[in-house]
Structures are given as C-alpha cells and as structure tokens.
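Novice: return a 3D structure for these sequence lines:
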Amino acid sequence: MRLLIYSLNYAPEPTSTGKYTGEMAAWLAARGHEVEAITGLPHYPQWKLDGRYAAGRLRSERLEGVRVRRASHSIPSLESVNARSRILMETSFTLSAARYWLPKFFALRRPDAVITVMPPLQISIWPLLYGWVRRVPWVLHVQDLQVDAALRLKMLPGGVIGRLLYGVESFLLRRATRVSTITEAMRQRVIAKGTAGERTWLFPNWADIASIRPAERDNAFRAGLGFGPETLLVLYAGNMGEKQGLDSVLEAADRLGDQKNIQFLMVGSGAARPRLEQRAHALGLKNLRFLPVQPLEKLPEMLAAGDIHLVVQRRDAADLVMPSKLTNILAAGRPCVATADPGTALAEVVAGHGTGLVTPPEDPTALAEAIAVLAADAALRARCGEVARAYAERHLGRDSILSAFESDLLTLTEQDGHE
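Specialist: Predicted coordinates:
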C-alpha cells in the first residue's frame, strides 16, 4: 500500500502520540509499504523545539524507511501552555501543512489511504478535503478525545462554544471513512457521537515487550539516585498536565512522610510541572524529587527501578484517554496504583486483571493507603507484577496489534479499489 500519515506529533518525540505514530509508520514501512508522513516539529513533552530541527534543518528527511515532511508551527513555552496557545499552535500547523497538501490535490499518484491522528481536532481538515476531491479513504485515529477533556476539565468554556466544538467533532467523525481508537470505552464514546459502529476499529496502543521486560530493581538508574535495597521507590513517569491531577501524588507523599523507607520520584515534563515543584517545596516534601524526561535507552532500567508505579488521572478525564504509561508498566512486570472509578477502562485493566490496586480519583488519602499496602506486602507486589507481564504478553504485543491494523487497512483499500 501507499500510505500517507498526517499527525502533529511524530518521532523522535519519545512519549505519547508522537512515539506511537512514529513506531506505527516505521513498522508499516518495514513491512514493505510506501509510507509518507506530514508532521509537525518535535517539541513534546518538553514544549521546546528539538535542537536538531532548528533553523529549518531536517524539515524533509527519511526516518526508519518513512519519508517525513515537517511543517513549521508555533510552539508555546512550558510556562505558557494553555488552551489558547495550543489552538494557535494547531492552527499554525494546519496552515503550514498546506505546502505539502495542496500539491497532492493535483499529483498523478495518490495514496491508497490516509491515516490521520487526533488530537488536535482540526487535524481532520486536510484529509477530509483531500478525500472528497481525490476519493481517497481516510482513517481518523483518536488517541485522545480532546474536546471532551477540554470541556470537562474547564480548559475551555461550555455553552455556545462547547456545542460548536461538539458539532464540529461529530461532523468530522461521521465523515471519516473509518474511525479507530485505543480502548473499547473510547470506541463506544465515538459511536455515541454519531459514528456508525461498523465504521469503527479498535486499535490499542502497544508495548515493546521484547526490550521492556521484568528486570532487577537494584540497577544503575536506582544507584544513581542513591536509593538502596531497603528503599521502596514509588514512581510516576509521564506527562505532568492538568488532566492527570498530580496534586494527589504530592498530598499522598505528604501523608507518608513519616515512613522513611518510601520515596517518591516524578519523572517527566508538562504544563503543570512548575506549579507542582513549587507546591512540593511549599509542603516541604523530603521524600519526593523530580527528574526530567529520561533518554529512551534508560527507560527499561527506570521502569525496573520502581517498586510501585502510579497511573494517575482526574475523574473528569476517565475514558477520554488511556494513559500510555500503563503499557510500559505492564511490560516491565511492575505493580501499579491507578486512580480510576469502577467500570472505566483503566480500572478494568488494573483491578479487573489484578495488575495492581485502584483508588478513587482525586483522593490522596486513599492513594496513600494503597501505596502503603503495596509497600508492606512484597508478595502482593510480586504477584501483581507477574500478572501485569502476562497481560502485556497476551494483549500488548506490537506486532500483533499492528498486524491487525494492517489487515484492516488492506481490507479498506481493497474495498475502495472495487468501488
């Protein structure tokens, strides 16, 4: 197949949408498909342009067999990330991407399918127009129900603006040839927005179960932090935004401050991190420290070093996104404490399969109690870790997930060819 991928985020971004989109494109190219990607500039999660792409460098490159074309756009600083600055970035990307899209409307060759990755919401504009004009099927892959999250978390006002955004989102979802998303709960949400069920695909995120495996906790990463075997390390590694509700972690650490063997580590970046660091300082937390995003090659060691991992979400973000950090925690065979209500996709994976403990969102007392339970019970930690690894091997293998998606794409392009 000739495939065109359109996504604001892409490799070499190490986390979240950019990571998964880049790995998907490289996997498809390795399978012999001709893959082109129109993407933005690498900037996430630091909210700072990757220096290798400054001054116009590497705007067109071949990356792991994929022809990558990068459109310029604004990038808000970490301190200024908000709804307005995000919309400005997304709009500038849409306008800048015209330099690559417009020639395609007149080119002799056309792709067999376009794969579009949302968010942002307006990522669908060019594929929609292109599909209409050139009759090319396009798949809208939903990593995050951005409109729902922004309105529920009060990042955008409701009322007329909310109704308008929901209307635009519903229009785009119904116009896509197929809509894929990462959990069954999110697929049902897409259907509730007006997309016919037979036009939806389940396309979950995966883990690299070959390179991320259960390993010894007492490793170089842990030693570099100065933690000995007697320390129980509670690790949060991921984006530090408002939808995570990470104040609960700080408050849980405060409640467990008298248990000197329990130490907290928060690794990552995001719009909320400066505020969280200030709050940790104000609370006088001696059992919690912050680290920046770690290089990808350190990921297996970092995951292994954590005795207990945290997967934290605010209640209003439930089933609007599946925390991507969870797949790596499961692959590493480590227990977790997740904040989720019963019946959500996150609670089903953690409590339903016994990979860890679940507490109500935004309840730091319950979070601290669950951490203390796991910290005091080595056998429970080991049992949850074994179940987590088994779950990853059964459900999260990259080859099996991407092979199923490839089969769906082949079916779609064959149907299009017969129309």
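Novice: gap between residue 41 and residue 148?
Specialist: Using C-beta to C-beta, to the nearest Å, residue 41 is found at 27 Å from residue 148. Using the backbone N, CA and C atoms, a C-beta is placed for each residue, glycine as well.
Novice: quick one, which of those two is more surrounded?
Specialist: A direct count of neighbours by other C-beta atoms under 10 Å for residue 41 and residue 148 places residue 41 higher, at 24 against 21.
Novice: how close does the more buried one get to residue 4?
Specialist: 19 Å.
Novice: next: residue 350.
Specialist: Note on residue 350: its distance to residue 4, by C-beta to C-beta, is 37 Å.
Novice: who has more neighbours out of the two?
Specialist: Using other C-beta under 10 Å as the criterion, residue 350 and residue 4 rank with residue 350 on top: 27 against 24.
Novice: list the contacts of the more buried one.
Specialist: Residues near residue 350 by C-beta atoms under 8 Å, 6 or more residues apart in numbering: 311, 326, 336, 338, 340, 356-358.
Novice: now with 7 Å, please.
Specialist: By C-beta atoms under 7 Å, 6 or more residues apart in numbering, the contact set of residue 350 is 336, 338, 340, 356, 358.
Novice: can I assume the second one sits in a strand?
Specialist: Okay, so that is residue 338. Yes. Assessed by DSSP: H, G, I helix; E, B strand; the rest coil, residue 338 belongs to a strand.
Novice: roughly how far does it sit from residue 91?
Specialist: 35 Å.
Novice: tell me which of the two has more neighbours.
Specialist: Comparing residue 338 with residue 91 by other C-beta under 10 Å, the one with more neighbours is residue 338, at 26 against 14.
Novice: give me the beta-bridge partners of the more buried one?
Specialist: In this entry, residue 338 is beta-bridged to residue 311, residue 358, by DSSP bridges.
Novice: correct me if wrong: it contacts residue 356.
Specialist: Yes. Counting by C-beta atoms under 7 Å, residue 338 touches residue 356, with 6.2 Å between them.
Novice: surely residue 62 is in a helix?
Specialist: No. Per three-state DSSP, residue 62 lies outside any helix segment and is strand.
Novice: would you list the phi and psi of residue 179?
Specialist: Residue 179 has phi and psi values of phi -120, psi 130 when expressed as degrees, to the nearest 10.
Novice: got a list of what it touches?
Specialist: By C-beta under 7 Å, 6+ apart, the neighbours of residue 179 are 140, 142, 173, 190, 195, 199-200.
Novice: in strands, which of these fall?
Specialist: The strands, defined by DSSP state E, take in 140, 142, 200 from the contacts of residue 179.
Novice: would you reformat the residues you listed as JSON lines and include neighbour count, pLDDT and distance to residue 31?
Specialist: Shown next, in JSON lines, are these (neighbours: other C-beta atoms under 10 Å; pLDDT from 0 to 100; distance: C-beta to C-beta, whole Å):
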{"residue": "140", "neighbour count": "25", "pLDDT": "97", "distance to residue 31": "22"}
{"residue": "142", "neighbour count": "26", "pLDDT": "95", "distance to residue 31": "23"}
{"residue": "200", "neighbour count": "21", "pLDDT": "96", "distance to residue 31": "24"}
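Novice: pipe the residues you listed into a markdown table and attach distance to residue 106 per row.
Specialist: Converted to a markdown table, those look like this (distance: C-beta to C-beta, whole Å):
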| residue | distance to residue 106 |
| --- | --- |
| 140 | 24 |
| 142 | 30 |
| 200 | 32 |
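Novice: quick one: which of these is nearest residue 274?
Specialist: residue 142 (29.6 Å; C-beta to C-beta).
Novice: ok, that closest one touching residue 118?
Specialist: Yes. If you go by C-beta under 7 Å, residue 142 and residue 118 touch, sitting 5.2 Å apart.
Novice: what about residue 56, how many residues nearby?
Specialist: Each residue near residue 56 was counted by other C-beta under 10 Å, and the total is 8.
Novice: quick check: it vs residue 89, distance?
Specialist: Counting by C-beta to C-beta - residue 56 and residue 89 are separated by 18 Å.
Novice: just residue 312 next, same as before
Specialist: According to C-beta to C-beta, residue 312 and residue 89 sit 25 Å apart.
Novice: what of residue 116?
Specialist: To residue 89, residue 116 is 17 Å away according to C-beta to C-beta.
Novice: neighbour count: these two, which is higher?
Specialist: Set residue 116 next to residue 89 and count neighbours by other C-beta under 10 Å: residue 116 wins out with 25 against 21.
Novice: quick one: contacts of the helix ranked longest in the chain?
Specialist: Longest helix of the chain, by residue count under DSSP state H: helix 398-418. Residues from elsewhere that reach helix 398-418 (C-beta under 7 Å, 6+ apart): 1, 24, 27-28, 31, 112-113, 137, 177-178, 201, 203-204, 206, 208.
Novice: try it again with 6 Å
Specialist: With contact meaning C-beta atoms under 6 Å, 6 or more residues apart in numbering, helix 398-418 is reached by 1, 27, 112-113, 137, 201, 203, 206.
Novice: which stretches of the stretch 151-300 of the chain have low pLDDT?
Specialist: Across the stretch 151-300 of the chain, the ranges flagged by pLDDT under 70 are 153, 155-156, 158.
Novice: show me the strands in it, by range?
Specialist: 178-181, 200-202, 232-237, 262-267, 288-291 (DSSP state E, counting those that start in this stretch).
Novice: what's the most buried one of those?
Specialist: Greatest average neighbour count among the strands of the stretch 151-300 of the chain goes to strand 178-181 (a mean of 24), per mean count of other C-beta atoms under 10 Å.
Novice: can you show me the CA trace of that strand as PDB?
Specialist: Coordinates of each C-alpha in strand 178-181 appear next as PDB, following Å, rounded to 0.1, in the frame of the first residue of the first chain:
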ATOM      1  CA  ARG A 178     -13.200   4.700   9.400                       C
ATOM      2  CA  VAL A 179     -12.600   5.900  12.900                       C
ATOM      3  CA  SER A 180     -10.200   3.900  15.100                       C
ATOM      4  CA  THR A 181      -9.400   4.400  18.800                       C
END
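Novice: what distance separates it from the centre of its chain?
Specialist: 16 Å (C-alpha atoms, centre = their mean, to the nearest Å).
Novice: what lines up beside that strand in the sheet?
Specialist: strand 138-142 (parallel), strand 200-202 (parallel).
Novice: list of residues touching the shortest one?
Specialist: Contacts of strand 200-202 with the rest of the structure, by C-beta under 6 Å, 6+ apart, involve 178-180, 187, 190, 408.
Novice: sorry, back to before: okay, the strands paired with strand 178-181 in JSON lines with distance to residue 249 next?
Specialist: JSON lines is the format used below for the strands paired with strand 178-181 (distance: least, C-beta to C-beta, whole Å):
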{"stretch": "strand 138-142", "distance to residue 249": "27"}
{"stretch": "strand 200-202", "distance to residue 249": "31"}
